[in-house]
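Peer 1: how does the following fold in three dimensions:
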Amino acid sequence: MSDAFVRNESQAASEPDDDDELPAPAARRPRSRPLSRQRRLRLLGGMTLALALLAGGYALLPRVLPAYVVEGPLVQQTTDSGGTILWYTSRRVNEGITITLGNGGTAQPVENDGRRHRAVLRDLNPSQAYPYTIRLGERTLAAGVLHTNRQRDEPFSFAVFGDSGTGSRAQYRIAELVAAARPDFVLHTGDLVYEGGERRGFRRRFFEPYARLLERVSFWPCLGNHDVSEPDFAAPYREVFELPENGPAGLTPEHNYWFDYGAARFVVIDSNASEDDLRAKVAPWVLQTLSEPRLRWKFAALHHPPYTAGKYQPDERIQRALVPAFEQVGLDILFSGHDHIYLRTQPLRGGRIVPPGQGVVYVVTGAGGAELYEERRPEQRPAYVAALRNDVHSFTRVSIGAERLTLEQIDWNGRTLDRWELHKSAGVPAP
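Peer 2: Residues are numbered from 1 along each chain as shown. Reported below is the predicted structural model:
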């Protein structure tokens, strides 16, 4: 058999019949061509335009969507006949916002300043709860219940804590417990918003944790060292809060102020000031403000403790400039923070322990939410330390009756860490 015959035979055997299905031809891989510089620029320009349109649309959303309350309501400066309510909206609203008291009550005047809104309520009755509703047109934005101050001879209670504004789980837990305790007001000893009191931090580290408190009772703040950092120097503090302008002459208004509740007076001091200002301006103001004979209970609050036993040394500036004034007016308790612990001293006069009622008790209540600090070993603690806890976050609850003051330190599990009482005879004002 010839080679030609074999090749033909083999070729014939390998060729398919007409009825056989032909295999699909292999797909050809297109050759990749590099993009020209002009085409790359066109693509890049298109992507940039798309992103710009997206960003622009996002920026326009607050103007397009209905306005809503993003911060507040915040109750400020309650008295036995009224109070102030503040809130911030998601966008500027200069008309159409109303606030009414009760069901179907008369609309109260609202002052609008862009996103910030303010209502001053007057002619109310003491010891009353007033439901209020904030509306934009027919739409409800927020609601709460404002509590006016109790009358002079009625029992009342308040909560005190500081060093809280971190947005931590501990801060939220303490806030929850304070709200459940239903105090008549809250006194804060400083460091409201870490790290430096920036305005952008207030929503997450102040308004949201304390929402249940802020909508119903006054929140009286104090400036801590973390509230006065550059470049704002406490400007956000002054914007957010509405505080009395009754402080010492020559110092920034609202940094130092006083208020009354019942038969008690509270003085709030900015201890970030220089020692010269504390001695020359604040101390005389303290003497004048707390020397009225009708005052039965006298309290002060500042950030830096003159007596403590935690991470920090006692603040000798405060000892030299202000403690003599506290002792002269017969101050009952000075509340402070800065040290992230709880500490209560024995009654002190001139740094020495004296019998109850003859000296000032110093309470450090700085365990409100920030990381706790170490305490000193027992052998290193000053003899004036009556109680100290640094192992758990906590807040101070003070209850005042006609003749008795009861102070309790409550931890974040709701347990009482410390309890102390001060008694005064009825009808006899503090010295």
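Peer 1: mind checking which helix or strand Asp260 is in?
Peer 2: In the assignment (DSSP states H and E), Asp260 maps to strand 257-261.
Peer 1: so what secondary structure elements neighbour that strand?
Peer 2: strand 264-268 (3 or more C-beta pairs under 8 Å, 6 or more residues apart in numbering; DSSP states H and E). Where C-beta positions appear, they are placed from N, C-alpha and C, glycine not excepted.
Peer 1: hey, where'd the helices end up in this structure?
Peer 2: 3-14, 37-64, 169-181, 202, 211-214, 235-240, 275-277, 283-289, 316-321, 323-329 (DSSP state H).
Peer 1: contacting residues for the residue nearest to Leu287 when sequence neighbours are not counted?
Peer 2: Ranked by C-beta to C-beta, 6 or more residues apart in numbering and with sequence neighbours excluded, the top spatial neighbour of Leu287 is Ala325, at 5.2 Å. By C-beta atoms under 8 Å, 6 or more residues apart in numbering, the contact list for Ala325 reads 283-284, 286-287.
Peer 1: do that again at 6 Å, thanks
Peer 2: 283, 286-287 (C-beta atoms under 6 Å, 6 or more residues apart in numbering).
Peer 1: tally of neighbours for Asp277?
Peer 2: 17 (other C-beta atoms under 10 Å).
Peer 1: could you check how far it is from Trp285?
Peer 2: Separation of Asp277 from Trp285 (C-beta to C-beta, to the nearest Å) stands at 11 Å.
Peer 1: distance from the strand holding Asp260 to the middle of the chain?
Peer 2: The chain centre lies 20 Å from the centre of strand 257-261; the measure is C-alpha atoms, centre = their mean, to the nearest Å.
Peer 1: so what's the backbone phi/psi at the closest residue to Gly366 other than its chain neighbours?
Peer 2: With C-beta to C-beta, 6+ apart as the criterion, Gly366 has its nearest non-adjacent residue at 3.6 Å, and that residue is Gly337. Listed backbone geometry of Gly337 is phi -140, psi -130, with angles given as degrees, to the nearest 10.
Peer 1: can you tell me how far Gly337 is from Asn246?
Peer 2: The separation that Gly337 has from Asn246, given C-beta to C-beta, amounts to 23 Å.
Peer 1: neighbour count winner among the two?
Peer 2: Higher neighbour count among Gly337 and Asn246: Gly337, with 32 against 13, using other C-beta under 10 Å.
Peer 1: residues in contact with the more buried one?
Peer 2: 162-163, 189-190, 303, 366.
Peer 1: point out where the protein drops to low pLDDT.
Peer 2: 1-64, 426-431 (pLDDT under 70).
Peer 1: if we use 90, what do you get?
Peer 2: 1-66, 102-107, 229-233, 293, 374-380, 402, 425-431 (pLDDT under 90).
Peer 1: how's it carved up into domains?
Peer 2: Domain ranges of the chain: 69-147, 156-423, per automatic domain parsing.
Peer 1: tell me which of the ones you listed sits most buried.
Peer 2: domain 156-423 (a mean of 20; mean count of other C-beta atoms under 10 Å).
Peer 1: next, the distance between the ends of that domain.
Peer 2: Domain 156-423 has its terminal residues 15 Å apart, counting by C-alpha to C-alpha, to the nearest Å.
Peer 1: now find how far off-centre it is within its chain.
Peer 2: 14 Å.
Peer 1: one step back: so the strand holding Asp260 versus strand 264-268, what angle?
Peer 2: 160 degrees (axes from the mean of the first three to the mean of the last three C-alpha atoms, to 10 degrees).
Peer 1: list the contacts of strand 257-261.
Peer 2: Counting by C-beta under 6 Å, 6+ apart, strand 257-261 makes contact with 149, 243-244, 246-247, 266-268, 289, all of which sit outside it.
Peer 1: which strands border that strand, and is each parallel or antiparallel?
Peer 2: Here strand 257-261 has these sheet partners by DSSP bridges: strand 264-268 (antiparallel).
Peer 1: if we can go back for a sec, so which of the contacts of Ala325 is the closest to Ile333?
Peer 2: Val286 (14.2 Å; C-beta to C-beta).
Peer 1: what residues does the closest one make contact with?
Peer 2: 267, 325.
Peer 1: any idea how far it lies from Ser168?
Peer 2: From Val286 to Ser168 the distance is 34 Å (C-beta to C-beta).
Peer 1: also Asn413?
Peer 2: Taking C-beta to C-beta, one finds Asn413 at 16 Å from Ser168.
Peer 1: ditto for Tyr261
Peer 2: According to C-beta to C-beta, Tyr261 stands 29 Å off from Ser168.
Peer 1: go on, Tyr132?
Peer 2: As judged by C-beta to C-beta, Tyr132 and Ser168 stand 31 Å apart.
Peer 1: what's the answer for Ser127, then?
Peer 2: To Ser168, Ser127 is 35 Å away according to C-beta to C-beta.
Peer 1: one more: Val323?
Peer 2: With C-beta to C-beta as the criterion, Val323 and Ser168 are 33 Å apart.
Peer 1: with Val69 instead?
Peer 2: For Val69, the distance to Ser168 - C-beta to C-beta - is 24 Å.
Peer 1: likewise Thr148?
Peer 2: Thr148 is 33 Å from Ser168, by C-beta to C-beta.
Peer 1: before we move on, what about Ile134?
Peer 2: Ile134 is 29 Å from Ser168, by C-beta to C-beta.
Peer 1: Ser229 now?
Peer 2: With distances taken as C-beta to C-beta, Ser229 is found 19 Å from Ser168.
Peer 1: and for Glu195?
Peer 2: 13 Å.
Peer 1: same check on Gly224?
Peer 2: Gly224 is 16 Å from Ser168, where distance means C-beta to C-beta.
Peer 1: next one: Leu388
Peer 2: Taking C-beta to C-beta, one finds Leu388 at 22 Å from Ser168.
Peer 1: which ones are touching Gly83?
Peer 2: By C-beta under 6 Å, 6+ apart, the contact list for Gly83 reads 75, 121, 146.
Peer 1: is it correct that Pro183 is in contact with Phe156?
Peer 2: No: the pair Pro183 and Phe156 does not pass the contact test of C-beta atoms under 6 Å, sitting 8.5 Å apart.
Peer 1: enumerate every residue touching Tyr194.
Peer 2: 165-166, 226.
Peer 1: for the stretch 51-200 of the chain, just list every one of the strands.
Peer 2: 69-76, 83-89, 97-101, 107-108, 111-113, 116-121, 129-136, 139-147, 156-161, 185-188 (DSSP state E, counting those that start in this stretch).
Peer 1: now these in CSV, with distance to Glu254?
Peer 2: Below are the strands of the stretch 51-200 of the chain laid out as CSV (distance: least, C-beta to C-beta, whole Å):
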stretch, distance to Glu254
strand 69-76, 11
strand 83-89, 13
strand 97-101, 23
strand 107-108, 24
strand 111-113, 17
strand 116-121, 15
strand 129-136, 24
strand 139-147, 21
strand 156-161, 19
strand 185-188, 14
